[in-house]
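J.: only the shape, not the letters, is given here:
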């Protein structure tokens, strides 16, 4: 490897001050365009690399944050990430994403690696079965942490998410208004706060509407797993007329499974999802769902993290977005 | 922050040798289960963290690799990533993902950050309009690099990808065998090797089959962009009877757009995708596509990178997977 090029070397070759080079590196708008171009040219020719390690020691910031998600099956997370990236990009921070695959051991490993690399903060969507003491450990590390979409512990960190209790209520009221009286719930098996919240919403809605619990069926979070669940739903002793699904991935899989079983979703069985992924409009019948605006949740999580990185002592804050019902074809017509 | 806990501290408290603790940290199978549990318990209670920085100086490895993709719209990349993670997990490496958003400046920023954090290697799917000299710079950094799915420069790095020239030929022969004579191509606008390869396949297939080029229509890589392209395809002066799409995301969007225009995909217009995302089977009509096995390509890219990290001087290698045609409903019936 060549010997280290410094800011001073760049300044000397470009014939400008060290401060000017520093401004160019920081993308300051104060530098004239022609100067910026010349300095960048020199940096490229000298292969100048701002040493993140050195910068970190100096200003205690790597300008990098980590995002830890439990899977990438649900495109909700990729939309969420784009919101995080947008906010972090404004502050010229780079976002590194890692996937815990819903495994707490893997999650630990990744968090250690994030710490070892000196990330400034982490947005954590905790893996299922995460030990709640994890948050205490992260506090000892002096690592800024915001939880998003799922959480462990009660108000131990800032949190950004959607209001799924209300989202379930919106969907249930819609189905009941169409005449449905026996409604099943297709859930993921993973025990997380995201599941608890939906089930709480379900219980409240069943009480509120007087509808009958048509059964809770569990599926693996995958298209195939959800498709296989169709047979189990059709075999329920008292067959429901509608199924509310944990998210749109399960709803899409269930609709495919219903077709494989010779049933037409929306006609023979109403299907409603949660999240309103872009997918919802592409399906046929198009999928009724509750829009939870993942990109916006990502933005909120990022803003909470920026605030926490700036002020470790700030009071704990929660940003919870309400959903919006999107009625499409899969919930079918009014039953008479 | 508390004072630093060392391997020696853990050994003392657990009543074992420092070497034993080291074996536990490295997850060696040589340590008895009971010993391992005791040591892990002590590590947790002391909040022992293996210092990646120190480890790096010692064994010159952060056991972290970076993956840089141009977008996360296409779930192809999330499947690709799961292949990379599987192989890297075997070597107890952590995979950090970053999204260049197809912007070379952002990509530069991320690569600098990867370098600053001392990743051992990078799997790069280059952003559109990336300066080919980038590869030379990365070489000077002594960073192991494998390109995947897209590439800049000719055989400058190891490469893993799918054979899209053949994939296009498989799809075109299928359409021609069904009687189609005028076939349009729905492409992304981004000028990348991935686009060049498909267009090369298209030209070769048109010559081979004698079919007529029904027009090349460009869409933004998004569901909405592809849906909007339907109107433009329906307005082509000589309307094609079939559309081959750059990938399944565009194909799914096009099918939704055709429906919005009152046409039934598969009946009024044959639609074929490339990649065979899980989505293909969920659509209605189900989507004919060419399976490119992104997870397997991810595995191959990861194995190439492990090889490169182990032996910087190894000869350049290319791993190219062939696709497999999956005939479903969207290509419709034989036209007579």
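T.: Yep, it's here. Given the structure is predicted, the values throughout are model-derived calculations rather than measurements.
J.: which residues of the stretch 201-336 of chain A fall in strands?
T.: Residue ranges of the strands in the stretch 201-336 of chain A, as given by DSSP state E, counting those that start in this stretch, are A:212-219, A:242-245, A:270-272, A:289-291, A:318-321, A:324-326.
J.: name the helix or strand for residue A:83, please.
T.: helix A:76-90 (DSSP states H and E).
J.: same deal with residue A:180?
T.: Judged by DSSP H and E, residue A:180 forms part of no helix or strand.
J.: I'd say it and residue A:269 touch.
T.: No: applying CB atoms under 8 Å, one finds residue A:180 not in contact with residue A:269, separated by 10.2 Å. Backbone N, C-alpha and C define where each C-beta goes, glycine included.
J.: what is in contact with those two at once?
T.: Common contact partners of residue A:180 and residue A:269 (CB atoms under 8 Å, 6 or more residues apart in numbering or on different chains): A:240-242.
J.: possible to save those residues as JSON lines with pLDDT, distance to chain B and neighbour count?
T.: Below are the shared contacts of residue A:180 and residue A:269 laid out as JSON lines (pLDDT from 0 to 100; distance: CB to the nearest CB, whole Å; neighbours: other CB atoms under 10 Å in any protein chain shown):
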{"residue": "A:240", "pLDDT": "97", "distance to chain B": "21", "neighbour count": "24"}
{"residue": "A:241", "pLDDT": "97", "distance to chain B": "21", "neighbour count": "18"}
{"residue": "A:242", "pLDDT": "98", "distance to chain B": "19", "neighbour count": "26"}
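J.: quick check: residue A:239 vs residue B:293, distance?
T.: 38 Å (CB to CB, to the nearest Å).
J.: between those two, which one's more packed in?
T.: residue B:293 (19 against 13; other CB atoms under 10 Å in any protein chain shown).
J.: in chain A, what spans have low per-residue confidence?
T.: Counting by pLDDT under 70, chain A contains low-confidence residues at A:1-4, A:27-29, A:48-60.
J.: okay, now the domains of it?
T.: A:7-50, A:62-162+A:294-321, A:164-292+A:325-331 (automatic domain parsing).
J.: what's the first-to-last distance across the second one?
T.: With CA to CA, to the nearest Å as the measure, the first residue of domain A:62-162+A:294-321 is 30 Å from its last.
J.: again with stretch A:137-144
T.: 12 Å.
J.: how about the secondary structure of residue A:161?
T.: Recorded secondary structure, residue A:161: strand (DSSP: H, G, I helix; E, B strand; the rest coil).
J.: excluding chain neighbours, what is closest to it?
T.: Excluding the flanking residues, the one nearest residue A:161 by CB to CB, 6 or more residues apart in numbering or on different chains is residue A:149, at 5.1 Å.
J.: tell me, how many residues neighbour the one you found?
T.: Residues near residue A:149, counting by other CB under 10 Å: 27.
J.: quick one, what contacts it?
T.: A:80, A:125, A:160-162, A:194, A:297.
J.: the same query, at a cut-off of 7 Å, please.
T.: Residue A:149 makes contact with A:125, A:161, A:194, A:297 under the criterion CB atoms under 7 Å, 6 or more residues apart in numbering or on different chains.
J.: how about residue A:212?
T.: Here residue A:212 is in contact with A:181-182 (CB under 7 Å, 6+ apart).
J.: residue A:307 is in contact with residue A:144, correct?
T.: No: the pair residue A:144 / residue A:307 is not scored as a contact, 9.0 Å apart, by CB atoms under 7 Å.
J.: so these two - more neighbours on which side?
T.: residue A:144 (24 against 14).
J.: show me what from the stretch 151-300 of chain A comes close to chain B.
T.: A:223, A:252-253, A:256, A:259, A:278, A:281-282, A:284 (CB under 7 Å from any CB of the partner chain).
J.: list only buried entries from those.
T.: Buried members of these, scored by 16 or more other CB atoms under 10 Å in any protein chain shown, are A:223, A:252-253, A:256, A:259, A:278, A:281-282, A:284.
J.: which residue ranges of chain A form helices?
T.: For chain A, applying DSSP state H gives helices covering A:7-14, A:18-25, A:33-46, A:52-59, A:76-90, A:104-116, A:134-140, A:164-177, A:193-209, A:223-234, A:248-260, A:279-282, A:294-310.
J.: that older thread, so which of the strands of the stretch 201-336 of chain A is the most surrounded?
T.: strand A:242-245 (a mean of 30; mean count of other CB atoms under 10 Å in any protein chain shown).
J.: what about the residue nearest to residue A:333 when sequence neighbours are not counted, distance to residue A:119?
T.: Counting by CB to CB, 6+ apart, residue A:333 lies nearest to residue A:178, which is 7.2 Å off, once chain neighbours are set aside. Residue A:178 sits at a distance of 48 Å from residue A:119 (criterion: CB to CB).
J.: compare these two (neighbour count), which wins?
T.: residue A:119 (25 against 17).
J.: can you name the residues bridging to the closest residue to the more buried one other than its chain neighbours?
T.: Spatial nearest neighbour of residue A:119, chain neighbours left out: residue A:66 (4.5 Å); criterion: CB to CB, 6+ apart. Beta-bridge pairing of residue A:66 under DSSP bridges involves residue A:96, residue A:122.
J.: measure residue A:34 to residue A:41 for me?
T.: On the measure of CB to CB, residue A:34 and residue A:41 end up 11 Å apart.
J.: the two: which has the busier surroundings?
T.: Shown here are residue A:34 and residue A:41; by other CB under 10 Å, residue A:41 has more neighbours (12 against 8).
J.: excluding its backbone neighbours, what's nearest that one?
T.: Closest to residue A:41 by CB to CB, 6+ apart is residue A:14, at 8.0 Å.
J.: packed most tightly, which of the helices of chain A would that be?
T.: Highest mean neighbour count among the helices of chain A (mean count of other CB under 10 Å): helix A:248-260, a mean of 25.
J.: compute the inter-axis angle for it and helix A:76-90.
T.: 150 degrees (axes from the mean of the first three to the mean of the last three CA atoms, to 10 degrees).
J.: which other helices and strands does helix A:248-260 contact?
T.: Packed against helix A:248-260 by the contact rule (3 or more CB pairs under 7 Å, 6 or more residues apart in numbering or on different chains; DSSP states H and E) you find helix A:223-234, strand A:242-245, strand A:270-272, helix A:279-282, helix B:279-282.
J.: for those, which one sits closest to residue B:138?
T.: Minimum separation from residue B:138 across the helices and strands packed on helix A:248-260 (CB to CB) falls at helix B:279-282, 33.9 Å.
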